[in-house]
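1. need the 3D shape of this:
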Amino acid sequence: PCTMDYHINEFPWEDVMHRAVRQGYRSHQTSTCGLHLHVNRNTFSDNQEEQDEVISRILYFVEHHWNELLKFSRRSEYAMNRWAARYGYEHTPKAIMDKAKKGGNGRYAAVNLCNYHTVEFRLFRGTLKYNTFIATIQLVNRICDAAKYNTDDSISKLSWSDFVADVTEPELIQYLKERQLYINDRVEETEEY
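-> Numbering: from 1, shown residues only. Coordinates of the predicted model:
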């Protein structure tokens, strides 16, 4: 397990990705590579009931902002349905959690709850582009924070614009601009690897 600070300031992700590109790895330019991020459940609480409350708000956020997350993910609708399917929209976080607990998708859910110790975010297409990788980690961190620090009622009222309004991480801002998910100046998109 690594903290956000460790991923950004300690782990040599940029070097790892440059080496992978030099060795011919393709990641984004394939149909079989995904970027899956695991978040420890005890990040939300040591109590399972409280964990479930936060996770239910994560599921609600993902369903409520599906179109934006699909655009962020760089996956096609077909690939998303195959590797990271939705649970389906419901009007409350608890209703989505109840649906998720009944299964059906197995591990091939956008937010996989099959792992005992972690919640797995499977939405994202693979990448060897450092900025995209870091921005994805930052987005997942922000989604988890939104779910942790909002109530069911306030998360249901959280618009995408409000969610991204206070983003300060330069990598995430850049990526949101590239994907036209940030209300600001248009920027040119750089090639994925």
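2. Ala85 and Tyr78, how far apart?
-> 11 Å (Cβ to Cβ, to the nearest Å). Where you see a C-beta, it was placed from the backbone N, CA and C, and this is true even at glycine.
3. out of those two, which sits in the more crowded spot?
-> Comparing Ala85 with Tyr78 by other Cβ atoms under 10 Å, the one with more neighbours is Ala85, at 15 against 9.
4. who's in contact with that one?
-> Shown in contact with Ala85 (Cβ atoms under 8 Å, 6 or more residues apart in numbering): 105, 108-110.
5. quick one: which of those is most hemmed in?
-> Neighbour count (other Cβ under 10 Å) singles out Ala110 as the most crowded of those, with 25 neighbours.
6. would TSV of the contacts of Ala85 with secondary structure, pLDDT and distance to Ser156 be doable?
-> Rendered in TSV, the data for the contacts of Ala85 read as follows (DSSP: H, G, I helix; E, B strand; the rest coil; pLDDT from 0 to 100; distance: Cβ to Cβ, whole Å):
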residue	secondary structure	pLDDT	distance to Ser156
Asn105	coil	83	23
Tyr108	coil	95	26
Ala109	strand	96	21
Ala110	coil	97	18
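7. just give me the closest of those residues to Asn67.
-> When these are compared for distance to Asn67 (Cβ to Cβ), Ala110 wins out at 12.8 Å.
8. can I assume that closest one is in contact with Ile58?
-> No: counting by Cβ atoms under 8 Å, Ala110 stays clear of Ile58, with 10.1 Å between them.
9. which one's the longest helix in the chain?
-> Determined from DSSP state H, the single longest helix within the chain is helix 130-149.
10. contacts for the next helix or strand after it?
-> Moving toward the C-terminus from helix 130-149, the next helix or strand (DSSP states H and E) is helix 152-156. Residues outside helix 152-156 that contact it (Cβ under 8 Å, 6+ apart): 56-57, 60-61, 64, 92-94, 146-147.
11. which residue lies nearest the spatial centre of the chain?
-> Nearest to the geometric centre of the chain sits Val140, at 4.1 Å (Cα atoms, centre = their mean).
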